[in-house]
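In: Below: sequence and its predicted model.
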Amino acid sequence: MAGIRVDTPIGADWEYSLDQLNWQASNKFFELPSGDPFVLGTVYTVYCRNVTAELTADRQIPFGEASSESLIALTKLLSSLEKDGLLHVLLTAIRPETSLLIAAALNAIGFNSGSTTTVLEIDDCGCDEEAEGGLSAGIITNLYLAPLAVSPHNTDFLGTGTNLFNKLSRLNQSGKFIDNTGTVHENQPNYTISHPMLVKGDTWYTPSSDSTDPTGNRQMVAYFSATGAKLDGASNVRTEDKFRTPPGCVYILCTVPNNILHSFQVQEGETATDYENFKLIFPGETTQQALISARASQALLLGQINQARFTTGRNLFDKDSELIQAGRFIDEKGVYSADPTNSVSHPIFVNGDTAYTASFKSFISFYDQLGRHVGGERFDRDDFTFTTPGNAKFALVTVPDELFDSFLFVEGEELGDYEPFVQIVKGKTLGEAAIDLKASQAIALVERGTLNLFKAASRFKETGRYITNTGLYVADSTYTVSHLIKVSALSWYTPSYKTFVAFFDATGNVIPSDVGVYNRPTDKFFTPALTEYLLIAVPIEILASFMLVAGQVLPATYQPFVPLLESILPTTLGIKQTALDAKKMAESFTDEILYSINLFNKADSDLINDKLINANSLLADYVGTSVGGFIPVKPNTWYTPSVKLGIGWFTEDKEPLTGAPAFNRDTDEFLTTDKVAFIRPTVHTTGLESFMLVEGQTLPARYIPWYKKYKGTTQDGSQALAIAESIHALLIPTANLFNRRDGSILTGQYINNEGFLGPFLTTSVTHFIKVKASTWYTPSEVGNFVAYFDENFQRLGEGALTSRPAAKFQTTSETAYIRATFNTANRNTYLIVEGQFDLPMAYIEYGSFLDPQVKVSTAAFGKTEIVFGTSIPAGSGYHELACRALGMTCINKAVPSSSVRIKDRSGGVGGANWQNIAYAWAHTLAEKTALISGWAALRSANLGNTNWASAPTSFTSGEQAFILSCSYESNLTPYLNGTYAMPDVFVLSVLYNDQFLGETEEQWFADPTDTEIANRTTAFGAITYIIDYIRGLQPRAKIVLEGHYTDKKNPKVAQLQQKVAAYHNLDIWEIWKKLPFNLRRIPNTLANWDEEPHFSNKALAEAQDPGCTSLNMDGIRFYMPDWVHPYSDPAHLEPGHASYLITHEVETHLATTF
C-alpha cells in the first residue's frame, strides 16, 4: 500500500472489513551477476468482492483529520466497489491538504487523481474468474515501490545481455513445470520454472537449439501482461524452437529441463547463438565492459569493496584486473569509443582533492560514489600530475596498449620507478602480502579428515537429493549430497558404499567421468586428471556409518571423522565462489571448538564496567562492579558462580526476563527456567581475573580460565586455530541491519511508535535491531511505525510516526535498539540502513562477507601484545582496533596520568603531579603500600607544589586497590613468572608523563653514570629498571618502544625514547613520522589550532578565535594539528579520528614485528 500504515485495524464500523477482502503480494526480481537481487517491483494484487455498491453520503469516510486509518479505509472500500465492470467513485474533500493526501493514496493503488473532485474509472477490472471464498480473482492494480527499480514500466536503468535466463537466480522454481496456459504443475523433479524474464511484445525469441525435454518436446512458455494477466503461451508441440510473444506481453516464464539447466539460453531474435552466461548491462551497450562503472559504484554503495579494510602498493593500476576494458577509449567527459590500440582501466579508487601522477598523459574520467561523472583530465594537459575533484571516488583511465605493462598511477607528485600493483590488508608490508585471497576465494580454511574424509555432521550436506557423476542434482528424499571433499587427482579412494561420485577441478567445473557411476565394477574409484574436489551421494540410512578413505582398502571397523585443519588452501577454490561461502566455512569451525568449563570470558567485548544487573535483568549504575557479556546457557539447568552477585536472565532474542537470581539469594547456585537462553553475571571489577561460572552445582577446586580449543589435529598447531578465529575479524558487516531469517520476527502484528504490539493481517514486526543513539536510519518502506528501546530492551515510549514526511528517522539519545513495522510481503527485500540518504540500488542481504580481492599476511594472527603506558594508549582504543584487524589479542595495562619514575631527580615529589606519584609504574607493591599509608603526610608536605592541593587526603578501598594494581609487580610480573601466558610482544608507550618540573633539558638527556643507570628517580633510569626486570625474568621477551605522536612541539619525549631504544637495542615505532601533526594554523589567523583561546591538547575546540572566519571548529577533527592528544579527541570512545590515524601506524608496526 505504498507505505500507508493502519493505526488500528478497520473493524465492525465498516461493512467491508478486512476479512472480506483478500490482499496478496508477490515480489519479482532481476538479479545482478553477484546473485544479489535487484528489485523489479512489488506487484500488489487486489481481489474485488463480487457485489454492487456505491459510495453514498451516509457511508462517507470522515476525512476531518485525514488520518492514515481513513486513507487505508478508503482504498479498501474503493477496491470493494463494482458496477458493470467499472469502478465509479465521487470524492469530495474539504481541505486542500486533505485532497493531496487522498490523491497520494489513490495514486499509490493505481488510480489517477489530482483534484478535489474527481471521477475515477478503471476499465475491465477482470472480475470474471471465481476464486476461493467467493472472491473474484481479477487484478485491478499494480504498485511499483522500489526506487530506481527495473519494472515492466521502467527499463531505463539496466538491460540484459544476449541470454535472458539466469541459471543462478534464486527465483527459479526447481521441481515444478509451467504450461503454456500459465498453470503450474507441482512434483516435477525433472523440470525447473525459470525466473520472470522481461520481453517485448510481438517479438521473436529463440531458446537453446537443444532445448527439448526428455520426451523430445520443446519447452513450454507462459506469457504475462504488465498486470500479471496470463496470455496464450507457446506450447511444447510447436514446430520450431523460436516463438513470438503476443502484443502486450511483458514477461515470460519458461519450463526448463534439468538436464540442460546450466546451458539453457533464451535470446531475442529468430536464431540461436552460442551459449553465454546471463549478465546485466546498460541499454545501448553490447559488452560486459558496460557494467564496469556501475559495478564500481555499486561496490562502494554495498560495501563490497571496502577501502577501509585494504590498501594497495604505490602503483594503483592493476594490469591483470578482470575489469579492464580492452579495445576501448574513454575521454575526459566519460564518453566511450572503440579503439583497438587502447584499453580503459579498471576503476582506480582515489581520494578527492588529491594530487596523483600517471606515467603517461592520457585521458582520465572521474566518478563519485554513485558512479556519476564529476570531471576529467585531457591528454594535452601541462603536467603528468593532476588533482582530483573534491567528490571523486574512482577514476577510469585510457591506457595505450604499448605502455600497458609499464603504466604507473600513483598518489602524490613523485612518479618513481615502476612497481607492479599489489593489494594488501592495511598494516601489512608488500613483502608480507604473500597469500592471494583471490586464488583461494577467501581466507576460508579447509577442514578435512585424517582418515575418514566424510563428516556426517557437516552443515554443508544437502539433504533430499543426490548428485550424479555428471554433476546433475536429482531430488530424492532418501539421499544426501556430501560436503565438499578435498582429494588428489589420479589417486585411489574407497567409499564404504558404492554410489554416485561427482568430480570437480580447481575452478569448480564438473569433470564428467564414468569412474563416478553408481554401478561401477568395484566400490573404489580412481580420480580423473585435474580433480581437486568431489561430492558423493550418501544414502541417509547409512549416514552415521559411511566412510570415504584414501587408498584401496577400508579400515576393518568404522572410523569417525577427525578434523585436520589446513590453514591455507593450496589451490584455487573456485567451487566456493562467494564471500558468503567463505563466511560459512569460517563458521563451520565452531562445530569443532571445545570450550572451558568456566563460561565467563573476562575479555568479552560486551563486558560493562561500573554497572550491576538486578533481578529484573536490567542494568543499573554501580561503581566497583561489572556486568559480563551474554553467556549462552541451557534451560532448566543448574549453574554456579564463584561469587554470589546478581544474575540477569534473557530470552533467545536477548529480551530481559524477570525473576532472575538476586545478589541476596540463599545459595550461590541457581536454576534457569525454560525461557532462559542467555545470562549476564554481575562481578566485582577487582575480581574479574578470578571469577568463574560453571554448569552444575559444584565449583572446581582451583581457578580455570576461559578458553576455547580446536578438537581435532592441525598442520600448524595452535596457529591454525588462531587463523580460523581471526577470520571473523576480517568479516565486513553489510549495510542492511534487518535479518529476514531472524526467528524473533513477529508475523501478523504491528508495533506503534510507543512500542505496543497489536494484531494486523498484512504486516510484521522486525527483531530487535541494535542501533546508535542520536543517529539517522532509513528503512525501505515509507510511513511505517518504528519503536525505540533502551539498553535494557525497555520501551522508551517514543519512536517514529507514520506521518513523518520521509522514510528516514533519527533515534533519541537513549535509544539502543529499535523494532519496526513492515509489510510482510516485503520481508525478503526489506532494508534498514544507517544514514539519511538514498537507499542502495540493490537489495543487500543481512550478514557479513570477506573481500575476495585482498591479500593478507598471517604473521600476526593469534599473537598477543601487552601494552603499558599513559592515557594515550589507555583510553584511545587504537591498540584494540589494530589487534582486532590483525587477529591479535590486546592486553592493555596502560594507566592514565601514570609516570614510570617514582620520584623526581632530587628524591622528592614536588616536581610531579600527585597522580604521577600515586600511579607510578616502577613502584614495588611494598612501596605502594607504604605510599598509601603515608599519603596524608606526603600531601601535607607538598601542598605548595603543582596540583597537590587537589590531592585527596586519603584513599577509599577501591582507590587503594587501583593504586596497588599500578605497580609493575601487579600488572607486569604475572606475565613473566608463568602465572599467565607470556605475551608475544611487550609494548612500552612511556615517558610522556615523566616530564617533571624543575628538571632542565640537560638533566633530561644526560647520560647516566653507572650508579644511575637504573635509578628510578629519572625517566631514563626508571624505564631501564623496567626493561632490565623483564629481561631478567624472560631474556627472550620481545620489547618495543611506541614512539610519541609528535616530535615537533615539545620534542624531548620522542628524543629520549630514541635514546632509550638505542641504549637497550630495542625496536622503536616512530609514530610521529607518519602522522599529519605539523603545526597547522587556523585559517585567516596567525594562531595554531592548539593555541589559546582554543583548548590546548583538544581535538575539538568549542571557543572561537577573534577574527577567524571559520565558524565551525569541528573541522579540526578531520585535519589534525600538532600536539593533539588522541584520548582528547571528542569521539575517542568510538574511537575518534586521531585514534584511527594512529591505529593504521600501530597495525603496520605490529604486522612487521613477528
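Out: Great, that's in hand.
In: Tell me the bridge partners for Pro681.
Out: Ile647 (DSSP bridges).
In: meant to ask about Leu1041, not that
Out: Beta-bridge pairing for Leu1041 (DSSP bridges): Leu988, Ile1068.
In: how much space between it and Asn792?
Out: From Leu1041 over to Asn792 the distance is 44 Å, taken as Cβ to Cβ, to the nearest Å. Every C-beta, even on glycine, is put in place using the N, C-alpha and C of the backbone.
In: between the two, which one's more packed in?
Out: Shown here are Leu1041 and Asn792; by other Cβ atoms under 10 Å, Leu1041 has more neighbours (24 against 17).
In: these two touch, right, that one and Tyr1063?
Out: No. The criterion here is Cβ atoms under 8 Å, and Leu1041 misses it with Tyr1063 at 10.9 Å.
In: Could I get the full set of strands for the stretch 951-1100 of the chain?
Out: Ranges of strands in the stretch 951-1100 of the chain, per DSSP state E, counting those that start in this stretch, are 985-989, 1039-1042, 1067-1069.
In: dump the residue contacts of Ser774.
Out: 810-813, 815 (Cβ atoms under 8 Å, 6 or more residues apart in numbering).
In: between those, which is closest to Phe678?
Out: Proximity of these to Phe678 (Cβ to Cβ) peaks at Thr815, which lies at 21.5 Å.
In: Is it correct that the closest one falls within a helix?
Out: No. Counting by DSSP: H, G, I helix; E, B strand; the rest coil, Thr815 is not found in a helix; it is coil.
In: what's around it, how many residues?
Out: The number of residues packed near Thr815 is 23, by other Cβ under 10 Å.
In: do Val771 as well
Out: Residues within reach of Val771, counting by other Cβ under 10 Å, total 18.
In: Hmm, it is touching Tyr817, no?
Out: Yes. Using Cβ under 8 Å, Val771 is in contact with Tyr817, at 6.6 Å.
In: What segments of the stretch 651-800 of the chain are strands?
Out: Counting by DSSP E, counting those that start in this stretch, the strands of the stretch 651-800 of the chain are 656-657, 670-671, 678-684, 693-695, 708-710, 713-714, 732-733, 746-751, 757-765, 769-770, 776-779, 786-789, 795-800.
In: mind exporting stretch 880-898 as CSV, just the C-alpha atoms?
Out: The C-alpha coordinates for stretch 880-898 follow below in CSV (Å, rounded to 0.1, in the frame of the first residue of the first chain):
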residue,chain,number,x,y,z
GLU,A,880,42.5,-2.7,20.4
LEU,A,881,41.5,-1.7,16.8
ALA,A,882,44.8,-2.7,15.4
CYS,A,883,44.8,-6.0,17.1
ARG,A,884,41.2,-6.7,16.0
ALA,A,885,42.2,-6.1,12.4
LEU,A,886,45.2,-8.4,12.6
GLY,A,887,43.5,-11.2,14.6
MET,A,888,45.6,-10.5,17.7
THR,A,889,44.8,-10.3,21.4
CYS,A,890,45.4,-7.0,23.1
ILE,A,891,46.1,-6.8,26.9
ASN,A,892,46.0,-3.1,27.7
LYS,A,893,47.6,-2.3,31.1
ALA,A,894,48.3,1.4,30.4
VAL,A,895,47.2,3.8,33.2
PRO,A,896,46.2,7.4,32.6
SER,A,897,48.3,10.0,34.4
SER,A,898,50.9,7.5,35.3
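In: Tell me the buried residues in it?
Out: Within stretch 880-898, the residues that qualify as buried are 880-895, 898, counting by 16 or more other Cβ atoms under 10 Å.
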